[in-house]
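# just need the structure, nothing else, for what follows:
(one chain, ligands or ions: 2)
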Amino acid sequence: MAKIGINIATGSLQQSEMIVGIDLGTTNSLVAIIHPESKKPIALKEHDSSSLVPSVVHFDALENAIVGELAKTFLETDPANTIFSAKRLMGKSYNDIKQNASFFTYKVIDNNDDSLVKVQVGQQFYSPIDLSSFILKELKSRAEHILKTPVTKAVITVPAYFNDAQRQATRDAGKLAGLDVLRIVNEPTAAALAYGLGLEKDADKTIAVYDLGGGTFDISILKITNGIFEVLSTNGDTYLGGDDFDRAIVKYWMNEIGMADTDLQASKELSQGLRLRAEEAKKHLSIHDVFSVDFNGDKLSITKNTFEELIQPFIEKTLKCCVNALQDAGLKATDIETVVMVGGSTRVPAVKNAVSSLFNQPVHDEVNPDEVVALGAAVQADILAGNNKEFLLLDITPLSLGIETMGGLMDVLIPRNSKIPTKVGRQYTTQKDGQSGMRIAVYQGERDLVKDNRKLAEFNLSGIPGMPAGLPKVEVSFLINADGILMVTAKELRSGIEQSIEVKPQYGLTDAEVERMLLESITHAKDDIAIRALVEARTEGEQILDVTEKFLVKNGSLVTKEEMMATAQAMQALQLALTMDNKNLIQTKIEELNEITRPFAERAMDAAVGEALKGKNI
Ligand code: ADP
Ligand code: MG
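Ligands and ions are numbered 1, 2, ... in the order given. From the prediction side, this is the model:
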């Protein structure tokens, strides 16, 4: 049931607070909601203006930030103070972006190390999180203005390939803008949701989401099973998009009217003017056959045919990425059941046609391609708000998560493909008497030995009170929240001491790496089983040696000389076996030692019982 509130100022009834969906794009950003009456997602816009807010931040002389259409007008005239494409810097170090440094016309601080980048404007330094927060603040205040109600909760989308640092950065930007970010959703997942894909029960579908924006191209192959979206593969080009189309037109015109690069460099206004006319031409040609305009006395024109020839190489490039993505997913083009078009640049008919013929089917373009991601985010927001109870969107963990146990073995707590959010706990104990600390090392991967997996984190549970080995009960629990962030907690249940750590399971792992790790686990499965058996035998052998030694120290009086000799010999033999890679030998030696010690273990037991009886009155 939806909560109803009363607005004290107006006396009107108010629905419980709305959760908005936000597409925080490289080129454009926007906000969408589910319309309270029609229940359909709509992009928010003021009157007849566009719903799109250019993701550009301009700082004036007083270092006030302005965002959007107005900021965009400073791109060419005041490049040092006008930040575009901040999204490309999210969660990145200077080393990460070094090869593309020339792309940024503002000052990205070159500290040449692995700490997160900063942008310098005047005397101020801004992190990409700060910059994104300016955009989000603008979106928030627009939404509040349009909806006439405070907006504090949002779902924000990110590219499917964003790693955890980048997702966390996006979340932080939201927080900084005064938004409680309830969920970070993959852009292709959101686009699919906007088309209602994954909302039908029991539907099992493989889809492709082709997203050509202003400066980036992404292709994602998703598998949807019972409302669970699994990213099978992603591919793309982070420096390919509609901006390239604009530049191609500018070049064409310069050639036509005999203008040199130096002319453009001499006048920022001129190059800005040309760029804007080119974008206008491109959009016009999406629905008309010719474009012409008067520009400083020159007549600039271009036909649709010419434009299509100019952009053919870019289209070809995107198709290659699609082929690679299919290959990575182990699929053929004909395995794809639905193709969804996303991003303003897919409005170009030549792009649509090329994608349609590659996948050999009509593509979905009914929803505005530059709004579809935000609309899907709104659908997700609505589900989170509990207005759409039938659907609970779930993601899954791509690789197993576990901890290291004796002998370097991987003990899996959360198997791969588990639905998240999820929580699992398991009990462990100490190996040594009086052991006061326990090292918890968290790993991700499918192999039996942790050394073959990826280490995510390690911490120490210290301060366990002195107890005999095996007595402490240490519960290790793994909790993965809806954003895929893992919280590992270790708690000694007898004393209550507790330690926890937050880890980022997917940090830096690309889909290709995930796939490689999975593949390796399959090819090594046989070796792994053998190694695991060996390690387990060794661990058992070590424990038995330890216990026997302790027993002899404590109960030496109960053992005859011959028994002592035989035991020592068997122990030595086992010790030697432990140094060899022979599981069967170790097991035989364990058995032999057990044979010898069994009778006097029983004797000791009887003695202990006798002692106990002596002291008590029954
Ligand atoms: P992003 O996801 O990168 O933020 P968008 O999806 O908003 O970007 O796409 C922006 C790009 O789409 C720009 O290059 C813009 O020129 C282009 N675009 C918008 N409308 C059209 C159109 N009608 N025809 C061709 N390109 C268009
Ligand atoms: Mg986009």
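# quick one: mean pLDDT over stretch 361-374.
For stretch 361-374, mean pLDDT rounds to 97.
# repeat for stretch 595-614
On average, stretch 595-614 scores 72.
# likewise for stretch 268-287?
Here the average pLDDT along stretch 268-287 is 92.
# just the C-alphas of it, formatted as PDB.
This file holds the C-alpha atoms of stretch 268-287, laid out as PDB (Å, rounded to 0.1, in the frame of the first residue of the first chain):
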ATOM      1  CA  LYS A 268      37.100  29.500 -31.600                       C
ATOM      2  CA  GLU A 269      33.800  31.100 -32.700                       C
ATOM      3  CA  LEU A 270      34.300  29.800 -36.200                       C
ATOM      4  CA  SER A 271      35.000  26.200 -35.200                       C
ATOM      5  CA  GLN A 272      32.200  26.300 -32.600                       C
ATOM      6  CA  GLY A 273      29.800  27.600 -35.300                       C
ATOM      7  CA  LEU A 274      30.800  24.900 -37.800                       C
ATOM      8  CA  ARG A 275      30.500  22.200 -35.200                       C
ATOM      9  CA  LEU A 276      27.000  23.300 -34.200                       C
ATOM     10  CA  ARG A 277      25.900  23.500 -37.800                       C
ATOM     11  CA  ALA A 278      27.300  20.100 -38.400                       C
ATOM     12  CA  GLU A 279      25.300  18.600 -35.500                       C
ATOM     13  CA  GLU A 280      22.300  20.400 -36.800                       C
ATOM     14  CA  ALA A 281      22.900  18.900 -40.300                       C
ATOM     15  CA  LYS A 282      23.300  15.400 -38.900                       C
ATOM     16  CA  LYS A 283      20.000  15.600 -37.000                       C
ATOM     17  CA  HIS A 284      18.200  17.100 -40.000                       C
ATOM     18  CA  LEU A 285      19.500  14.300 -42.300                       C
ATOM     19  CA  SER A 286      18.100  11.700 -40.000                       C
ATOM     20  CA  ILE A 287      14.700  12.600 -41.500                       C
END
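# is stretch 90-102 anywhere near ligand 1?
No. Stretch 90-102 is not in contact with ligand 1 by CB under 6 Å from any ligand atom; minimum separation 13.3 Å. Where you see a C-beta, it was placed from the backbone N, CA and C, and this is true even at glycine.
# who touches that stretch?
88-89, 104, 108-117, 128-129, 132, 162-163, 165-170, 173, 239 (CB atoms under 8 Å, 6 or more residues apart in numbering).
# now these: which count as buried?
Among the contacts of stretch 90-102, those buried by neighbour count (16 or more other CB atoms under 10 Å) are 88-89, 104, 108, 116-117, 128-129, 132, 162-163, 165-170, 173.
# residue ranges with poor pLDDT in the stretch 351-500 of the chain?
Applying pLDDT under 70 to the stretch 351-500 of the chain picks out residues 388-396, 483-484.
# if you set the cut-off to 50 instead, what comes out?
389, 392-394 (pLDDT under 50).
# OK, now which residue of it is nearest to ligand 2?
With CB to the ion, the shortest gap between the stretch 351-500 of the chain and ligand 2 falls at residue 373, namely 5.5 Å.
# check which helices and strands the strand or helix carrying that residue is in contact with.
According to DSSP states H and E, residue 373 maps onto helix 372-384. With contacts taken as 3 or more CB pairs under 8 Å, 6 or more residues apart in numbering; DSSP states H and E, helix 372-384 sits against strand 19-24, strand 28-34, strand 41-43, strand 153-158, strand 180-186, helix 187-194, strand 338-342.
# dump these into a markdown table; add mean neighbour count and distance to residue 478 as well.
Below are the helices and strands packed on helix 372-384 laid out as a markdown table (neighbours: other CB atoms under 10 Å; distance: least, CB to CB, whole Å):
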| stretch | mean neighbour count | distance to residue 478 |
| --- | --- | --- |
| strand 19-24 | 29 | 28 |
| strand 28-34 | 26 | 34 |
| strand 41-43 | 20 | 35 |
| strand 153-158 | 25 | 24 |
| strand 180-186 | 21 | 20 |
| helix 187-194 | 28 | 24 |
| strand 338-342 | 24 | 34 |
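# could I get these as CSV with mean pLDDT and distance to residue 52?
What follows is these, written out as CSV (pLDDT from 0 to 100; distance: least, CB to CB, whole Å):
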stretch, mean pLDDT, distance to residue 52
strand 19-24, 97, 9
strand 28-34, 97, 4
strand 41-43, 96, 8
strand 153-158, 96, 14
strand 180-186, 92, 19
helix 187-194, 95, 15
strand 338-342, 98, 14
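# still on that earlier bit, restricted to strands, list the contacts of stretch 90-102.
residue 108 (DSSP state E).
# out of the contacts of stretch 90-102, which touch ligand 2?
Checked against ligand 2 using CB under 5 Å from the ion, these yield no neighbours at all.
# count the neighbours of the residue of the stretch 351-500 of the chain closest to ligand 2 for me.
33 (other CB atoms under 10 Å).
# the residue lying closest to it once chain neighbours are set aside: what's it in contact with?
Among residues not flanking residue 373 along the chain, residue 23 sits closest, at 4.2 Å (CB to CB, 6 or more residues apart in numbering). Going by CB under 8 Å, 6+ apart, residue 23 touches 29, 30, 32, 157, 187, 190, 371, 373, 374, 377.
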